[in-house]
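K.L.:
Kindly generate the corresponding structure for this input.
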Amino acid sequence: MLVFAQFGAGRIGAIHAANLAASGAARLKYVVDVHAPAAASLAAKHGATVTDTATALADPEVGAVIVASSTDTHADLVIGAARAGKAIFCEKPIDLSLGRVDEALAAVRAAAVPMLVGFNRRFDPSFAELHRRVGAGAIGAVEQVIVTSRDPGLPPVEYLKVSGGQFRDMTIHDFDMARWMLGEEPTEVFAYGAALVDPAVAAVGDIDSCMVLLRTASGRMAHINNSRRASYGYDQRVEVHGSKGRLIAGNRVPTTVEQADADAVTTEKPLHFFLERYADAYRIELAAFIAAVMQRTPMPVGAEDGRQALVLAEAALRSLRENRPVKVSEIG
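P.N.:
Predicted coordinates for the structure are as follows:
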């Protein structure tokens, strides 16, 4: 059984702790969080102990860590865990700075420890099946990828102030999805963005709506569209168009009941938020991490995937600011 220390006792931390407890293959020994009541509550629920970072990382029984704390702590925790020889599960992003990401990845490489970055959408059953069919050649050569991701509503402005901006905080998931579905690295990025939902977003220097185009060296294209507002629920769809056809993975709904009458044919709205929409993905993601550590197999989403998604986010931000296509090679 793999023994874990977890950093972060917020809503994502609660999901991971519950999935650990249900896995049957792992045990949560420590919870670390600056908010003592949250740490105590989560630890008590899962039979763990509240402790500090140094104690958790020094314990030889701990074989793996989950980094689900605030973004500004991720890089330091990754570096500390790597030096302590622990396998690392890190929520996205590794950091908002590419320089800090590179420091963290250097520590991971030097210690030769496995690391997974939490791009949970790759583990969604529908998206995973779509990707499997693309890889199997079901629609021929990939030509276009369309990723739609719209939140049901704005997060608090106080959160936006420290989030790193829409590209680094929200679109980063879609950059990873686009890379994964394209099967090639994007070489050029062009982005449009605006604050269409709330002028308060512009006041803190952010955007809440964007469209991003990606192009690979062979000419494959991806289009990402994001909004912080979708009145009908959490809108999460992926389409891949190929030389022999197309594949679509649509929204998840509470039930598949369809009502038809003289007025209309209606179905239910999409699940409202990411905690519901990606519940299966979070569970499968953690199980995949545990299996890779125990079986010493490659991580399905590696540390470099985290870096590449941030590179695309930085390219999109530069494109938005300078109103031009940006070569990914300009970013590094």
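K.L.:
residue ranges for the helices of the stretch 101-250 of the chain, please.
P.N.:
For the stretch 101-250 of the chain, helices defined by DSSP state H, counting those that start in this stretch occupy the ranges 125-135, 157-162, 166, 172-182, 199-203.
K.L.:
Touching, residue 77 and residue 68? I think so.
P.N.:
No. Here residue 77 does not reach residue 68: they are 9.8 Å apart, not a contact under Cβ atoms under 8 Å. Every residue, glycine included, has its C-beta placed from N, CA and C.
K.L.:
any idea which residue sits dead centre in this protein?
P.N.:
residue 119 (3.1 Å; Cα atoms, centre = their mean).
K.L.:
can you list the weak-confidence ranges in the protein?
P.N.:
Along the chain, no part satisfies pLDDT under 70.
K.L.:
Excluding chain neighbours, give the residue nearest to the residue nearest to the centre of the chain in space.
P.N.:
For residue 119, ignoring the flanking residues on the chain, the nearest one in space by Cβ to Cβ, 6 or more residues apart in numbering is residue 176 at 4.5 Å.
K.L.:
what ranges do the strands span in the stretch 51-200 of the chain?
P.N.:
All strands of the stretch 51-200 of the chain, identified by DSSP state E, counting those that start in this stretch, fall at 64-67, 87-90, 115-117, 142-150, 186-194.
K.L.:
Mean neighbour count added to these, as TSV?
P.N.:
Converted to TSV, those look like this (neighbours: other Cβ atoms under 10 Å):
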stretch	mean neighbour count
strand 64-67	27
strand 87-90	26
strand 115-117	27
strand 142-150	20
strand 186-194	20
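K.L.:
Now distance to residue 41 too, for those, in TSV please.
P.N.:
Compiled in TSV, these are given as follows (distance: least, Cβ to Cβ, whole Å):
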stretch	distance to residue 41
strand 64-67	17
strand 87-90	21
strand 115-117	26
strand 142-150	31
strand 186-194	38
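K.L.:
Between those strands, which one is closest to residue 210.
P.N.:
strand 186-194 (3.9 Å; Cβ to Cβ).
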